[in-house]
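> here is a sequence together with a model predicted from it:
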Amino acid sequence: VRSGAATPGGLCVENGMGVPVATLLGQRFSWHLPYLLVCLIAAVTVGAIALWLPHQPPSGEESMRTEMRALRRLQVWLALLVGVVVLECVAAACYKAAAPGTVALLTAPRDVPRVVAGVEGGEQGARGLGPALGGALYQLSRALPFLADAVSYTVTAVCVRAMRADLRTAPPGAGGTAPG
């Protein structure tokens, strides 16, 4: 119960402090740095789990079938859900930190206000329509909203991978960083 109660507090700290710190690091050094720090935090977390998780010798009764029976328990699904929510929040913090700098790098200076307004409009629209669309998809099938989310992330990853723009910032004093 304590860890469940601490999760919202951690998310508030992540949004209240993590996004500004990640933005500052990205602007001062490189947009790679916040992502690298998230990866390092994840690696330390997994290492700590491996180090402090008590060793339990196998009993000889384990099988894939018996292990999968754990999915019948609500607690397992709730733990998985908390993991997904935390991962989603970390990804959102990274996005919020990287988005302003990326818009500045990909957009001509005269177009930045228009592009930022479009991005913000899209985000506000998603906040307004997302829950309704998710609820409608859930009514069709419990898995459908999650499948739609997975597809959207896959499309986003493919689009990011296909970008050809150079997102490295110019050294200080070398002129503008935005193309065109």
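Yes, it's here. Numbers count the residues shown, from 1 in each chain.
> what is whatever helix or strand A157 lives in packed up against?
Under the criterion DSSP states H and E, the helix or strand holding A157 is helix 144-162. Under the contact criterion of 3 or more C-beta pairs under 8 Å, 6 or more residues apart in numbering; DSSP states H and E, the helices and strands touching helix 144-162 comprise helix 112-140. In short, each C-beta sits where N, CA and C put it, glycine included.
> so which elements touch the helix ranked longest in the chain?
Secondary structure of the chain per DSSP state H: the longest helix is helix 74-106. When contacts are defined as 3+ C-beta pairs under 8 Å, 6+ apart, helix 74-106 sits against helix 2-13, helix 19-28, helix 32-52, helix 112-140.
> looking at the ones you listed, which is closest to A79?
Nearest to A79 among the helices and strands packed on helix 74-106 is helix 2-13 (9.5 Å), distances taken as C-beta to C-beta.
> how about the contacts made by R114?
Under the criterion of C-beta atoms under 8 Å, 6 or more residues apart in numbering, the contact list for R114 is empty.
> picking that back up, buried sites along the helix holding A157?
By 16 or more other C-beta atoms under 10 Å, the buried positions in helix 144-162 come out as P145.
> average pLDDT across it?
Within the predicted structure, the mean pLDDT of helix 144-162 is 80.
> how much does it deviate in direction from helix 74-106?
If you take axes from the mean of the first three to the mean of the last three C-alpha atoms, to 10 degrees, helix 144-162 sits at 30 degrees to helix 74-106.
> quick one: helix 144-162 to helix 112-140, angle?
Using the same axes, to 10 degrees, helix 144-162 lies at 150 degrees relative to helix 112-140.
> centre of the chain to helix 144-162, how far?
The chain centroid and the centroid of helix 144-162 are separated by 12 Å, computed with C-alpha atoms, centre = their mean, to the nearest Å.
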